[in-house]
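In: I'll drop the sequence and a predicted model, then ask my questions.
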Amino acid sequence: MKHLLAPSVLSADFANLQRDIEMINNSEADWFHVDVMDGVFVPNISFGFPVMAAIARHATKPLDVHLMIVDPDRYLKQFKDAGAANITVHYEACTHLHRTISAIKELGCRAGVAINPHTPVSVLEDIIEDVDLILIMSVNPGFGGQKFIGQTYQKIKKLKAMIAGRNENVFIEIDGGVGSDNIIPLINAGANVLVAGNSVFASENPQQTIKELKRVSPEILQA
Ligand code: DX5
Ligand code: ZN
């Protein structure tokens, strides 16, 4: 599968949100990555339903919603109604993860589970066949523009081994510190969805950067 690129709206210019959304619409990006933070699960607050619904009104590509919130079950329907195509919850925030995943699917969304850098992939052993997407945090969640954590490669490899013969079509999404310097080894390790915030929006020409991050060809560069 050719990798998907999901620019993170968290790094957009919120005073020019429509402009930045149109830029993503016109780019080679695949999904909008939408980071929702509640100030409790993570030490930051991003935005809520009105902003998300405004994004959805202009976006022509699926919204990949990453919930960094406690007790996400309370709001799943509202996120669906605000335009989410994918809803990813954190393993660390869900006491009854299986129930939460089932509820997301019943809403008709793709269901994802995210794990923090300190959480081993082994905890996903008994949920692996029920999810559509696994998001491995490659920074501590809460902020854009942080440094990529190298241990992520080992986690992707372990996850690849775990899904073999069980759920090989699951999306493996990497979130945090992704850019041109590490996208190829990440894809080679098994990642197939790459989130990019700072590397896209802090670049001189975001649309061109997206194009470059999409056009990387691991097979050729590996040889
Ligand atoms: C961090 C968020 C990320 C963030 C990525 O908590 O989940 O999606 O926006 O931003 P960069 O690519 O700048 O690390
Ligand atoms: Zn995210």
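Out: Cool, the structure landed. Ligands and ions are numbered 1, 2, ... in the order given.
In: mind listing what's buried in the longest helix along the chain?
Out: Longest helix in the chain by number of residues (criterion: DSSP state H): helix 152-163. Neighbour-count burial for helix 152-163 flags 152-153, 155-156, 158-159, 162-163 (criterion: 16 or more other CB atoms under 10 Å). No exception for glycine: its C-beta is placed from N, CA and C like everyone else's.
In: Using JSON lines, lay out these together with pLDDT and distance to ligand 2.
Out: Output for those, formatted as JSON lines (pLDDT from 0 to 100; distance: CB to the ion, whole Å):
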{"residue": "T152", "pLDDT": "98", "distance to ligand 2": "14"}
{"residue": "Y153", "pLDDT": "98", "distance to ligand 2": "19"}
{"residue": "K155", "pLDDT": "98", "distance to ligand 2": "16"}
{"residue": "I156", "pLDDT": "98", "distance to ligand 2": "16"}
{"residue": "K158", "pLDDT": "98", "distance to ligand 2": "21"}
{"residue": "L159", "pLDDT": "98", "distance to ligand 2": "17"}
{"residue": "M162", "pLDDT": "97", "distance to ligand 2": "22"}
{"residue": "I163", "pLDDT": "98", "distance to ligand 2": "21"}
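In: Generate JSON lines for those, with distance to ligand 1 as supplementary columns.
Out: Output for the buried residues of helix 152-163, formatted as JSON lines (distance: CB to the nearest ligand atom, whole Å):
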{"residue": "T152", "distance to ligand 1": "12"}
{"residue": "Y153", "distance to ligand 1": "16"}
{"residue": "K155", "distance to ligand 1": "16"}
{"residue": "I156", "distance to ligand 1": "17"}
{"residue": "K158", "distance to ligand 1": "21"}
{"residue": "L159", "distance to ligand 1": "18"}
{"residue": "M162", "distance to ligand 1": "22"}
{"residue": "I163", "distance to ligand 1": "22"}
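In: in the protein, which spans are strands?
Out: Counting by DSSP state E, the chain has strands at residues 4-7, 32-37, 63-68, 84-90, 110-115, 133-137, 171-175, 193-196.
In: Looking at those, which is nearest to L97?
Out: L97 lies closest, by CB to CB, to one member of the strands of the chain: strand 110-115, at 6.7 Å.
In: partners of that closest one, with directions?
Out: Strand 110-115 sits in its sheet next to strand 84-90 (parallel), strand 133-137 (parallel), going by DSSP bridges.
In: Measure how far the shortest one is from the centre of its chain, please.
Out: In this case it means strand 133-137. With CA atoms, centre = their mean, to the nearest Å as the basis, strand 133-137 stands 7 Å off its chain's centre.
In: same check, this time on stretch 156-172
Out: 17 Å.
In: Also stretch 37-50?
Out: With CA atoms, centre = their mean, you get 16 Å for stretch 37-50.
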